[in-house]
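J.: Okay, sequence plus prediction incoming.
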Amino acid sequence: MTSDEFRKHGKELIDFIADYLENTENYPVKSDVRPGEIFERIPQSAPIESEDFKDVFNDFKDIILPGLTHWQSPNFYAYFSSNNSYESILGELLSSGIGVNTFSWETSPSATELEEAMMIWLRKLIHLPDTFTGVIQDTASTSTLCSILTAREKKLRDNPELQQKDISRMRVYCSNQAHSSIERAVHISGIGANNLVKIDVDENYSMKADSLEKAIENDIANNLLPLCVVSALGTTGSLAIDPIDKICRTASEYNLWHHIDAAYSGNALILDEYRYLSEMSSRCDTFVFNPHKWLFINFDFSAYFVRDKQALISTFEILPEYLKTLHDSHVNNYRDWGIQLGRRFRALKAWFVLRGFGIRGLQEKLSCHIELAQIIHDRVIESPDFELLAPLSFNLVCFRYKPKGVDNDELLNKINDDIVNQINSSGKIFLTKTKLAGKTTIRMVTGTSRVNEQFVTDAWDIIARTARTYSL
Ligand code: PLP
């Protein structure tokens, strides 16, 4: 492609993206293609000769677009949002255009220093104290893995009598509602998933602090090594918040590493009403939240904060001859702050978003999302044939359809599974479900960039109408 062609097609693409984002609601939010359908339409090998961009782009529209789930659609209420913004897209485009790799300060001083600044901005935004230093990771899963690896290495370093074989005596604690990334991290850190202790939860799906203490005592009595506790500041199922202040106390009493997984709800800490959560979190060792979920910075961008930067670096640092630079002793080389060597210039899109929205703009958007969830919550409460299954938390509503006279959970599960499947296959809105206390739970997250009151009330009408066709 020549630079003239790049200019021409680039403009076309920007126009396409703007039209797409302004009209995402006109696509079936969840694709209804059958497995293999897209693959069959893609040639089995790359072309020998160059093809025109026009043809490639037409194929994108013709073949790929119908197989997309439209995450940016205001009709998307599934999982957690992964919202984006024009500011972020432009930052990403620029990052891609300049194509720098940011693994050490020298590979692009501005990329490293903008990342330092952005992580300070984000830390202040969520009101964590300046005892924390931040680094951008790709995902919360990676951040959590980094945390557990750091806990493991620090334990070994601080206790020279321990040997590698003692890793299999180490114990990690989280609630039985914690995200699967915790289990994966414990598994691949070599500690072993059998050493992950899942603590029971109360009626609000928050970890029971006294059960945590009992589990730790029990492990100590059995010659096991309590290593780390992971608190959820917003579980995936229902955005439940673990009793972080009590867990901090337990962690300090038993000398446990404390990681907070705030992947989704951590974003809400930009709002003054959640200041208490920031204060509660200020004593943990590591904290992760994902601006790529709910802060308009497009995927991927996970903000990972550590209290002991040296413990993180000592876990990952390896300095082969070919990576040494003149400045290693007095700059941040982010290659040693995580798993990967090569790193994208992600700070740029954060800079664009934080400046483009301003703190106030971000706060207004998140408050609006929370108010939209309140609307759905109120509809659930007002409807005698619907039941709330968890307290409203941030912008997630958990509920089920429960027609009068039906109390059998097995039957209700089947009905609610069917309702969600039917709604999703209509392509009108997209919801996901989970199980809370064995009950099929419809989850509705109001966090996409363009969602508004009209969209959520229309969505509620679709849910209620579909559900009521199941009344017995
Ligand atoms: N932790 C929680 C509480 C989550 O809800 C999720 C994903 O939704 C994750 C971790 C994993 O996030 P990521 O996809 O960034 O690894």
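T.: Nice, I can see it.
J.: pLDDT averaged over stretch 338-357 - what is it?
T.: Averaged over stretch 338-357, pLDDT sits at 97.
J.: Any idea how far apart the tips of it sit?
T.: Terminal residues of stretch 338-357 are spaced 29 Å apart (Cα to Cα, to the nearest Å).
J.: The stretch 301-450 of the chain against the ligand: which residues are in contact?
T.: Proximity of the stretch 301-450 of the chain to the ligand (Cβ under 6 Å from any ligand atom) is limited to residues residue 302. Backbone N, C-alpha and C define where each C-beta goes, glycine included.
J.: same check, this time on the stretch 101-250 of the chain
T.: Counting by Cβ under 6 Å from any ligand atom, the stretch 101-250 of the chain sits next to the ligand at 139, 140, 141, 179, 181, 232, 234, 235, 236.
J.: Near the third one, how many residues? Count them for me, please.
T.: The number of residues packed around residue 141, counting by other Cβ atoms under 10 Å, is 20.
J.: Show me what the host helix or strand of it packs onto, helices and strands only.
T.: Residue 141 is part of helix 140-158 when elements are defined by DSSP states H and E. Applying 3 or more Cβ pairs under 8 Å, 6 or more residues apart in numbering; DSSP states H and E, we find helix 140-158 packed against strand 170-175, helix 180-188, strand 225-232, strand 257-261, strand 286-289, strand 302-306, helix 309-316.
J.: Pipe these into JSON lines and attach mean neighbour count and mean pLDDT per row.
T.: What follows is the helices and strands packed on helix 140-158, written out as JSON lines (neighbours: other Cβ atoms under 10 Å; pLDDT from 0 to 100):
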{"stretch": "strand 170-175", "mean neighbour count": "26", "mean pLDDT": "98"}
{"stretch": "helix 180-188", "mean neighbour count": "19", "mean pLDDT": "98"}
{"stretch": "strand 225-232", "mean neighbour count": "27", "mean pLDDT": "98"}
{"stretch": "strand 257-261", "mean neighbour count": "27", "mean pLDDT": "98"}
{"stretch": "strand 286-289", "mean neighbour count": "28", "mean pLDDT": "98"}
{"stretch": "strand 302-306", "mean neighbour count": "27", "mean pLDDT": "98"}
{"stretch": "helix 309-316", "mean neighbour count": "18", "mean pLDDT": "97"}
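J.: Of all the ones you listed, which one is nearest residue 69?
T.: Closest to residue 69 of these, according to Cβ to Cβ: helix 180-188, at 20.2 Å.
J.: what about whatever residue of the stretch 251-400 of the chain ends up closest to the ligand, which SS state?
T.: Relative to the ligand, the nearest point of the stretch 251-400 of the chain is residue 263 (3.4 Å; Cβ to the nearest ligand atom). At residue 263 the chain is in coil, as set by DSSP: H, G, I helix; E, B strand; the rest coil.
J.: Then residue 444?
T.: Residue 444 ends up strand, using three-state DSSP.
J.: which residues touch it?
T.: By Cβ atoms under 8 Å, 6 or more residues apart in numbering, residue 444 lies in contact with 77, 373, 376, 396, 397, 399, 431, 459, 463.
J.: Filter these down to the ones in helices?
T.: Residues of the contacts of residue 444 located in helices (DSSP state H): 373, 376, 459, 463.
J.: Identify the farthest-apart pair in the residues you listed.
T.: Farthest pair in those, by Cβ to Cβ: 373 and 463, 13.8 Å.
J.: Of these two, give the one with the bigger neighbour count.
T.: Shown here are residue 373 and residue 463; by other Cβ under 10 Å, residue 463 has more neighbours (25 against 22).
J.: which residues does that one contact?
T.: With Cβ under 8 Å, 6+ apart, residue 463 has these contacts: 419, 423, 429, 431, 442, 444.
J.: Can you turn the buried part of those into a PyMOL selection?
T.: Remark: buried members of those, expressed as a PyMOL selection using 16 or more other Cβ atoms under 10 Å:
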select buried, resi 419+423+429+431+442+444
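J.: okay if I get the contacts of residue 463 as JSON lines plus pLDDT?
T.: Output for the contacts of residue 463, formatted as JSON lines (pLDDT from 0 to 100):
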{"residue": "419", "pLDDT": "98"}
{"residue": "423", "pLDDT": "97"}
{"residue": "429", "pLDDT": "98"}
{"residue": "431", "pLDDT": "98"}
{"residue": "442", "pLDDT": "98"}
{"residue": "444", "pLDDT": "98"}
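J.: which one among the contacts of residue 463 gets closest to residue 97?
T.: Nearest to residue 97 among those: residue 429, at 35.7 Å, using Cβ to Cβ.
J.: Helices of the stretch 51-200 of the chain, start to end?
T.: Taking DSSP state H, counting those that start in this stretch to define them, one finds helices in the stretch 51-200 of the chain at 53-59, 86-98, 109-125, 140-158, 180-188.
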